[in-house]
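Enquirer: need coordinates for the following:
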Amino acid sequence: MVTEGFLVSSWLPFVTAVLLLAVTWFVRYLTGRDDMQPLLLLAGVLILRDLLSLFLPGEAPLRSTVVSFGFTVSYAVLVFWSGRYRTTNRSFKTAIAAGLAATVLRVSFPGLAGTVEFVLPLVMVALTFVAFIRIDRYVLTAAVEVEGMRSTVQLMLIISVVALVVLPFADGSAQSVAGITATLPFWTVVLALLARSIESLRGEIRFQKRAAERIFAFLSDVGRSLGEGGEPGKIVAAAVDTIVGASGSDSGLGLIGSDGSYRVCAVKGVFPPPVPVPQLVKTKTGALKEFVLRLNVDQSTPLWGRALKTGEPILVPDATSSPYLRPHARDPILHLKSVIVLPLSIRGNVLGLITIARREASRPFNAADLARTESMANFVAVTLDNYYKYTQLVHTQRLERDIEIAGKIQNSFQAPADVQERYAEIAAISRPLRGVGGDYFDVVPMGGDRTAVIICDVAGKGVPAALVMMIIRTAARLALESTDDAGTVVEMINSAVSGSLEDDRFATVSVIVFDPRRERASFANAGHHPLVVMPAGENLSREADTDGLPVGVEPDARYESHTIPFPEQSWAVLYTDGVIEAVGAENEQYGIDRFRRSLERAVRVRGDRSARALLDELLETMHGFTGETSQQDDLTLVVIKSLSRDDPARGQ
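Expert: A predicted model of the protein is given here:
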């Protein structure tokens with residue numbers, strides 16, 4: 001049925017098939033989707049078909065068979081792929097049966113070979129068309145994106161039918177074009193998935209930006225609430241507003257408590273609880289909210305009780321699947337569609353719960369929604385935990401032990417003094433002038449062997465400074481979940497603390513994000529001391545700095561980042577006033593020049609030492625200068641060493 005000209009006179013169909021394979025592999029690499037393997041197989045079948053058609057010796061009928069069965073297998077694979085978006089895959093079973101029947105007919109009746117080879121691909125196209133129609137018959141969350149491409153795929157299937165009908169009667173380049181046209185449904189699926197993935201990525205970026213803005217506003221509100229003696233119910237109420245808005249939910253609810261007894265403290269929107277609701281309550285404005293606020297909740301409460309008991313979040317994408325929510329899903333007034341339950345759990349202790357819902361025409365929640373909102377709930381749990389620690393200590397010590405209380409809060413989130421990453425070694429020391437200081441540092445491991453180090457100096461002492469450190473730590477770690485640009489991280493920290501600090505308070509901050517794979521680091525500064533860098537193989541140190549106001553001064557301040565080379569065996573040092581402003585016997589400050597010379601000398605003498613050994617020598621040199629003079633200010637020093645990628649072991 002197919003002439004010698006098809007796929008012999010032109011390499012275009014083979015090149016097109018290779019390009020389809022490349023695009024499909026790129027989409028799989030870009031998105032990490034686990035449903036791309038069948039599409040990769042499909043492209044591989046087309047490549048094999050075209051290779052055989054080009055080089056297989058024999059008469060045209062043999063090539064006709066190769067082309068026909070190549071299309072048949074390709075469409076069968078597409079039917080199989082679409083089956084993951086249906087509760088059953090009868091279309092694929094039908095395709096297998098049709099293929100076997102056609103094979104038997106062709107072998108048993110050679111005279112029907114041409115007819116079989118002509119009809120079989122058309123049958124597979126029809127089965128593919130039916131398979132895509134059947135997707136919308138079932139309530140499957142995963143089918144949403146396939147439904148979006150269905151009409152376009154079906155149009156391409158109709159065009160491919162025309163191409164398959166024309167194919168046997170065309171020759172030369174026209175036959176090649178017809179063969180390529182018959183693959184349009186495959187291209188449509190792959191490109192639609194690529195477009196969907198790009199749109200999902202854009203949506204994720206929009207969500208993260210919106211969520212970050214709301215969470216930073218939430219942290220700012222919490223900072224003011226803590227300073228004004230706020231209570232946990234207000235914190236949870238603010239968190240419910242934040243998570244409902246960031247997740248695009250229609251309603252939300254929050255409850256707090258302990259020892260197995262909880263109370264509802266916040267309700268936003270029309271939220272049906274997982275318990276029977278009287279009909280009269282549903283029809284009166286405000287009555288449902290009052291009904292929910294009066295609920296007694298414990299670990300026996302349906303759905304919520306399981307989350308409170310286990311501390312694990314619950315995703316209910318379809319409310320009709322839950323016996324506790326099904327009546328509300330079918331109720332003509334409540335119209336409940338989808339629910340996420342988020343326990344506020346920290347170290348196995350469940351402090352409360354936030355649950356959000358979507359109603360009516362909203363799309364159902366999915367696993368991505370759960371991951372996003374769970375991350376937000378974790379920050380709320382940390383905030384509540386710090387609030388309880390603070391209030392418990394204040395209540396116990398009656399505020400006269402202000403410094404001791406702040407020290408305990410600060411120590412609860414202070415980073416370890418020694419951190420060993422795969423390609424980085426970090427040593428640090430922080431010595432407050434008195435019981436608690438205004439210095440803070442943090443080390444945050446990130447994906448891809450990257451590591452972030454934050455250092456700050458908060459104006460003031462005691463509990464206010466410790467609470468500001470808590471906000472900076474939370475904001476920095478949240479920002480580092482979505483970016484590795486140091487300038488962006490500092491901007492997000494500034495957004496969080498602006499409004500949380502009194503007018504006479506501020507904080508200087510430096511952030512460095514070390515990326516060993518690219519042998520570079522991103523650095524940004526907000527009024528702090530410059531970073532001191534000692535590149536590998538060099539005898540002199542350098543300073544890296546960027547312009548920027550201290551955080552908390554200007555809410556809309558912008559901070560640029562500076563990328564610096566940071567190859568293997570390089571050093572970087574962060575420090576606070578207590579290092580360079582240390583005073584010697586002659587009442588002279590130690591100064592940055594002496595500090596840099598001590599670093600250069602120590603590295604020249606032995607550059608293979610550990611970060612801890614270098615830090616100890618730097619301190620010993622400084623103490624040799626100060627002698628018996630007492631410490632004048634809070635002192636924090638952080639040493640970062642870039643390890644060899646061939647031998648990522650600690651130096652000695």
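
Enquirer: by mean pLDDT, which helix or strand of this protein comes out lowest?
Expert: For the chain, using mean pLDDT, DSSP states H and E, the weakest element among its helices and strands is helix 402-413, scoring a mean of 63.

Enquirer: direction included, what does the helix or strand that comes right after that helix pair up with?
Expert: Toward the C-terminus, helix 402-413 is succeeded by strand 418-420 as the next helix or strand (DSSP states H and E). If you go by DSSP bridges, strand 418-420 pairs up with strand 424-431 (antiparallel).

Enquirer: just the buried residues of the strand it pairs with, please?
Expert: For strand 424-431, a neighbour-count test (16 or more other CB atoms under 10 Å) marks A424, E425, I426, A427, A428, I429, S430 as buried. From N, CA and C alone the C-beta is placed, and that goes for glycine too.

Enquirer: what does stretch 161-172 give?
Expert: Under the neighbour-count criterion of 16+ other CB under 10 Å, stretch 161-172 has V161, A163, L164, V166, L167, P168, A170 buried.

Enquirer: distance between it and the chain's centre?
Expert: Here the centre of stretch 161-172 is set off from its chain's centre by 48 Å, with CA atoms, centre = their mean, to the nearest Å.

Enquirer: tell me the strands beside the helix or strand containing V533, with direction?
Expert: Here V533 is covered by strand 531-534, with elements defined by DSSP H and E. Paired neighbours of strand 531-534 in the sheet (DSSP bridges): strand 542-544 (antiparallel), strand 571-575 (antiparallel).

Enquirer: out of those, nearest to D515?
Expert: Nearest to D515, of all these, is strand 571-575, at 12.6 Å by CB to CB.

Enquirer: centre of the chain to the helix or strand that that closest one is followed by, how far?
Expert: Under the assignment DSSP H and E, the closest C-terminal helix or strand after strand 571-575 is helix 577-580. Here the centre of helix 577-580 is set off from its chain's centre by 38 Å, with CA atoms, centre = their mean.

Enquirer: which other helices and strands does helix 577-580 contact?
Expert: Helix 577-580 is packed against helix 591-605, strand 635-642, with contacts defined by 3 or more CB pairs under 8 Å, 6 or more residues apart in numbering; DSSP states H and E.

Enquirer: mean confidence for the shortest one?
Expert: Along strand 635-642, the predicted confidence averages to a pLDDT of 94.

Enquirer: what do you get for the first one?
Expert: Across helix 591-605, pLDDT averages out at 92.

Enquirer: ok, residues contacting that helix?
Expert: 529, 532, 534, 539-541, 571, 573, 575, 579-580, 609, 614, 617-618, 621-622, 625 (CB atoms under 8 Å, 6 or more residues apart in numbering).

Enquirer: for the spatially closest residue to G527 that is not a sequence neighbour, what are phi and psi?
Expert: Excluding its sequence neighbours, the residue lying closest to G527 (CB to CB, 6 or more residues apart in numbering) is P550, at 3.8 Å. In terms of degrees, to the nearest 10, the main-chain angles of P550 are phi -60, psi 150.

Enquirer: any buried residues in stretch 238-245, and which?
Expert: Buried residues in stretch 238-245, counting neighbours by 16+ other CB under 10 Å, are found at A238, A239, V240, D241, T242, I243, V244, G245.

Enquirer: just checking, which of these belong to helices?
Expert: The helices in this structure, assigned by DSSP state H, contain A238, A239, V240, D241, T242, I243, V244, G245 from these.

Enquirer: give me the pLDDT for the fourth one.
Expert: The one in question is D241. So, for D241, pLDDT stands at 87.

Enquirer: which non-adjacent residue is nearest it?
Expert: Nearest residue to D241, sequence neighbours excluded (CB to CB, 6+ apart): K268, at 6.1 Å.

Enquirer: show me the beta-bridge partners of that neighbour.
Expert: Taking DSSP bridges as the rule, K268 bridges to G252.

Enquirer: and it, how many residues sit next to it?
Expert: Close neighbours of K268, defined as other CB atoms under 10 Å, add up to 19.

Enquirer: what's the answer for L54, then?
Expert: The number of residues near L54, taken as other CB under 10 Å, comes to 15.

Enquirer: in what helix or strand does it lie?
Expert: L54 is part of helix 37-55 when elements are defined by DSSP H and E.

Enquirer: any buried residues in that helix, and which?
Expert: Buried, per 16+ other CB under 10 Å, within helix 37-55: 38-47, 49-50, 52-53.

Enquirer: how about a markdown table for those, with pLDDT added?
Expert: As requested, the buried residues of helix 37-55 are arranged in a markdown table below (pLDDT from 0 to 100):
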| residue | pLDDT |
| --- | --- |
| P38 | 85 |
| L39 | 84 |
| L40 | 86 |
| L41 | 86 |
| L42 | 85 |
| A43 | 85 |
| G44 | 86 |
| V45 | 84 |
| L46 | 84 |
| I47 | 84 |
| R49 | 81 |
| D50 | 79 |
| L52 | 77 |
| S53 | 75 |
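
Enquirer: tell me the one of those residues nearest R90?
Expert: Using CB to CB, the buried residues of helix 37-55 come closest to R90 at P38, 17.1 Å.

Enquirer: how near is that closest one to V380?
Expert: 41 Å (CB to CB, to the nearest Å).

Enquirer: now swap in W81 and tell me
Expert: Here W81 is placed at a distance of 40 Å from V380 (CB to CB).

Enquirer: neighbour count winner among these two?
Expert: Taking other CB under 10 Å, W81 and V380 do not tie; V380 has more neighbours (26 against 23).

Enquirer: the more buried one: what's it in contact with?
Expert: Going by CB under 8 Å, 6+ apart, V380 touches I235, V236, A239, I243, L344, I354.

Enquirer: now T576
Expert: Going by CB under 8 Å, 6+ apart, T576 touches D439, I455, D457, H528, H529, D633, D634, L635, T636, L637.

Enquirer: correct me, but E374 touches E312?
Expert: No. With contact defined as CB atoms under 8 Å, E374 does not count as touching E312 (9.8 Å).

Enquirer: for the stretch 301-450 of the chain, what spans make up the helices?
Expert: For the stretch 301-450 of the chain, the helices defined by DSSP state H, counting those that start in this stretch cover 304-310, 326-330, 367-397, 402-413.
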